[in-house]
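1. Next come a sequence and a model predicted from it.
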Amino acid sequence: MSEINIDGKVNVSDNQKLRLIRSFARHKLGVFGVVLLLAFVLTAAFAPVLIKNDPYTMRLEDPFLPPGSPGHILGTDNFGRDMLSRLVYGARVSLLIGIVVVSVAAVLGTVLGLMAGYYGGWVDFTIMRMVEVFYSFPFLILVIAVMAILGPSIFNVMWVLGVVSWPSYARVVRAQVLSLKSSEFVSAARATGCSDSRIIFKHILPNTLTPIIVQATLGIPGAILSSASLGFLGFGVQPPTPEWGSMVSEGKDFIMLNSNLIIWPGLCIFLVVLSFNFIGDALRDTMDPRLSRELR
């Protein structure tokens, strides 16, 4: 779908870009995922304008109000806090965690994957053994162990999840580099006296971005689910900060009294994760040359 010139740059014509957009547009679930995600993002971004109730204000005289109550569209929680405002502001926290976690994991994994694939030898051996060590531990148990040592906080949640998520990116990037480093444009760059760092980051890295983007798109819902799991277990974002996982954790004790306390945040987690999965699947189908030909 694209051509690589002698300098290692990916040339994508306007017709090819248009074909990619049309291919993605024909992926109905992908388009639905984009619309659904945009709705969450825009609502979270304009929360102060759209939401009048403060998510932290307690009204102890009005606990467990049902949905549709005056001034509380989705009711209130056990402390009388407005559920809608907490869900909207919680979207900010959950989406931020997903983006930061994937950014940390993608940068760390991409750099290590580039080093492993390009240099090979003991560098490749060391990095791949590190990957195997990380994969040998159950992901959530490893995260909980680290969080128990460092203590729960939003900052710790983001960087711990990012650090333990890098191996998947390293493996994907390493595989791409192994197939690219013997290409003509890499040989030409070496012949012109380019340094290793220039070859890696200017010539090879741009040609590995497609699988990284797809991996990141599919990784964000995993990060959101992991942060929600930590919040549910008490190791994530701490109250009273609104975060969907911690809201489910707080509401579980009142499930028989008012199930709305876990239904609404659980539904938000489900919809956001679903939207990212739809987008990731659509991007994978669109950017894979074999699959994109089938879509056309």
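-> Perfect, I can see it now. As the structure is a computational prediction, the values presented were derived from the model and not from experiment. Residues are numbered from 1 along each chain as shown.

2. Just the helices from this protein, written as ranges.
-> 14-25, 28-45, 47-50, 83-119, 121-136, 139-150, 154-164, 166-180, 184-191, 196-198, 209-233, 244-251, 260-287, 289-295 (DSSP state H).

3. Adding distance to His72 and mean neighbour count, write the ones you listed out as TSV.
-> No exception for glycine: its C-beta is placed from N, CA and C like everyone else's. Below are those laid out as TSV (distance: least, CB to CB, whole Å; neighbours: other CB atoms under 10 Å):
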stretch	distance to His72	mean neighbour count
helix 14-25	39	13
helix 28-45	17	16
helix 47-50	15	12
helix 83-119	7	22
helix 121-136	45	13
helix 139-150	33	15
helix 154-164	26	19
helix 166-180	42	21
helix 184-191	61	15
helix 196-198	57	12
helix 209-233	23	21
helix 244-251	15	25
helix 260-287	11	20
helix 289-295	45	11
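
4. Could you measure from Phe276 over to Ser103?
-> In this view, Phe276 and Ser103 are 15 Å apart by CB to CB, to the nearest Å.

5. Sorry, wrong one. I was asking about Val214.
-> 15 Å.

6. returning to what we had before: out of the helices of the chain, which is closest to Leu65?
-> helix 83-119 (8.7 Å; CB to CB).

7. Does anything pack onto the closest one? Which helices or strands?
-> If you count contacts as 3 or more CB pairs under 8 Å, 6 or more residues apart in numbering; DSSP states H and E, helix 83-119 packs onto helix 28-45, helix 47-50, helix 121-136, helix 154-164, helix 166-180, helix 209-233, helix 244-251, helix 260-287.

8. Looking at the closest residue to Gly222 other than its chain neighbours now. What's its pLDDT?
-> Excluding its sequence neighbours, the residue lying closest to Gly222 (CB to CB, 6 or more residues apart in numbering) is Ser165, at 7.6 Å. Ser165 is assigned a predicted lDDT (pLDDT) of 90.

9. show me the contacts for Ser165.
-> 101-102, 104-105, 109, 219, 222-223 (CB atoms under 8 Å, 6 or more residues apart in numbering).

10. what does Arg81 give?
-> With CB under 8 Å, 6+ apart, Arg81 has these contacts: 55-59.

11. Check Thr208 too.
-> Contacts of Thr208 by CB under 8 Å, 6+ apart are 110, 114, 173, 176-177, 180.

12. The same query, at a cut-off of 7 Å, please.
-> Contact partners of Thr208, counting by CB atoms under 7 Å, 6 or more residues apart in numbering, are 173, 176-177.

13. returning to that earlier point: could the helices of the chain go into CSV alongside distance to Gly68?
-> Output for the helices of the chain, formatted as CSV (distance: least, CB to CB, whole Å):
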stretch, distance to Gly68
helix 14-25, 37
helix 28-45, 19
helix 47-50, 18
helix 83-119, 11
helix 121-136, 48
helix 139-150, 37
helix 154-164, 32
helix 166-180, 44
helix 184-191, 63
helix 196-198, 61
helix 209-233, 26
helix 244-251, 18
helix 260-287, 11
helix 289-295, 43
